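Undergrad: With the sequence up front, the predicted model follows.
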There are 2 protein chains.
Amino acid sequence: MYEGVVQDLIDELGRLPGVGPKGAQRIAFHLLQADPVDVRRLADVLLEVKAKVKFCSTCFNVAEDDQCRICRDPRRDATVLCVVEEYKDVVAIERTREFRGRYHVLGGAISPIDGIGPEQLHIRELLARLGQGDGAEVSEVILATDPNLEGEATATYLTRMLSPLGLRITRLASGLPVGGDLEYADEVTLGRAFVGRQAAT
Amino acid sequence: MYEGVVQDLIDELGRLPGVGPKGAQRIAFHLLQADPVDVRRLADVLLEVKAKVKFCSTCFNVAEDDQCRICRDPRRDATVLCVVEEYKDVVAIERTREFRGRYHVLGGAISPIDGIGPEQLHIRELLARLGQGDGAEVSEVILATDPNLEGEATATYLTRMLSPLGLRITRLASGLPVGGDLEYADEVTLGRAFVGRQAAT
């Protein structure tokens, strides 16, 4: 329907997650009328992100150098290691400002249905890291995988793999979301909140 | 929060229409993990669209050459001219396959609140076009501006400007949307449907 290159642009935009056909059209029309300088800046940053962004050789977090900002920071506590599925989980945890340790990014969760087993994740590297150099100082590993089926399976697997090392292994607390209504919590969450109840202070 | 260039990408994506901060993050994370070839294709098509896409010198439709596909097509009826606000309106009308004439794209609608007067639209070019060459054959001008305040104002203005030319000037029919429920139609639409009622066949 559209002139060739406009259709190409709509097709490419429509492949992005969360952008439907209508959204892709809307963005394409916006770009058609946008200042060429703005469009070039978007194109440049797309290329730059693929050229510049690497993954930290220690923790597999996003990095612009060989090591990420967090692994390079000597003020971060090297005795606590937080294991997460993805880079975005690192960002979410950093935003809480509650954690001052280091990370290990698995690159996903165990999911047989998607053909992802432990070998596809950075679990071998986690074990190697805990045995040498920096990682030998680690006294606690926090398993901060997603509270869903795949995340739980991954945490269970990691618990089994790590327990021979004699470290403290912990999971994030499950319970009621802050600001939520008790009556709207699902049964599993509410059940977990009971199991994990703590002394009122 | 994010490594520099990742944040730049999120910022740029967040400027696109219909992409909120969460959507921008989601797209950025997707692109971080995407095949570099795919990302380069998106960047290339962005640059290409700005380099290649021009506006038709006759009707101001999107074109890859001096004239758009429709103006170049000798099978299109040169006696009927459909005036629309934007390129996307051309596409919407083409999709109906009901119109075989030519177009004139105004580039917007009269909107004093946005500082858009008749001078900012391709109205002067429309008048010039109707007086010479190709345009001299035109016997009917269909005013297909949007059925909203700005579109109506633009159509009213154009009717006044074009009536001295002695052409047939028409508007698209207003009425109930096909497939809709009568009870859900707003009063104005329902009122227009009464005013515009036709003999049952």
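TA: Received, thanks. Bear in mind that the values here come from a model prediction, so they are computed numbers and not experimental data.

Undergrad: mind listing what's buried in the one helix or strand in chain A whose mean pLDDT sits lowest?
TA: Scoring the helices and strands of chain A by mean pLDDT, DSSP states H and E places helix A:187-195 at the bottom, with a mean of 82. Residues of helix A:187-195 classed as buried by neighbour count (16 or more other Cβ atoms under 10 Å in any protein chain shown): A:Thr189, A:Arg192, A:Ala193. In short, each C-beta sits where N, CA and C put it, glycine included.

Undergrad: for stretch A:41-54, same thing?
TA: A:Arg41, A:Leu42, A:Ala43, A:Val45, A:Leu46, A:Leu47, A:Val49, A:Lys50, A:Lys52, A:Val53.

Undergrad: still on that earlier bit, quick check, distance from the least confident helix or strand of chain A to the centre of its chain.
TA: Its chain's C-alpha centre and that of helix A:187-195 lie 25 Å apart, by Cα atoms, centre = their mean, to the nearest Å.

Undergrad: Are there helices or strands packed against that helix, and which ones?
TA: With contacts defined as 3 or more Cβ pairs under 8 Å, 6 or more residues apart in numbering or on different chains; DSSP states H and E, helix A:187-195 has no helix or strand neighbours.

Undergrad: So the residue lying closest to A:Asp44 once chain neighbours are set aside: helix, strand or coil?
TA: Setting aside the residues directly before and after it, A:Asp44 is nearest to B:Ala43 in space (Cβ to Cβ, 6 or more residues apart in numbering or on different chains), at 7.7 Å. Secondary structure of B:Ala43, reduced to three states by DSSP: H, G, I helix; E, B strand; the rest coil: helix.

Undergrad: In contact with A:Leu190, which residues?
TA: A:Leu176, A:Leu182 (Cβ atoms under 8 Å, 6 or more residues apart in numbering or on different chains).

Undergrad: how much space between it and chain B?
TA: 27 Å (Cβ to the nearest Cβ, to the nearest Å).

Undergrad: Apart from its neighbours in sequence, what residue is nearest A:Gly151?
TA: Closest to A:Gly151 by Cβ to Cβ, 6+ apart is A:Thr145, at 3.6 Å.

Undergrad: roughly how far apart are the residue nearest the centre of chain A and chain B?
TA: Centroid-nearest residue in chain A: A:Glu86, 2.1 Å away (criterion: Cα atoms, centre = their mean). Distance, A:Glu86 to chain B, by Cβ to the nearest Cβ: 7 Å.

Undergrad: now swap in A:Arg160 and tell me
TA: A:Arg160 is 28 Å from chain B, by Cβ to the nearest Cβ.
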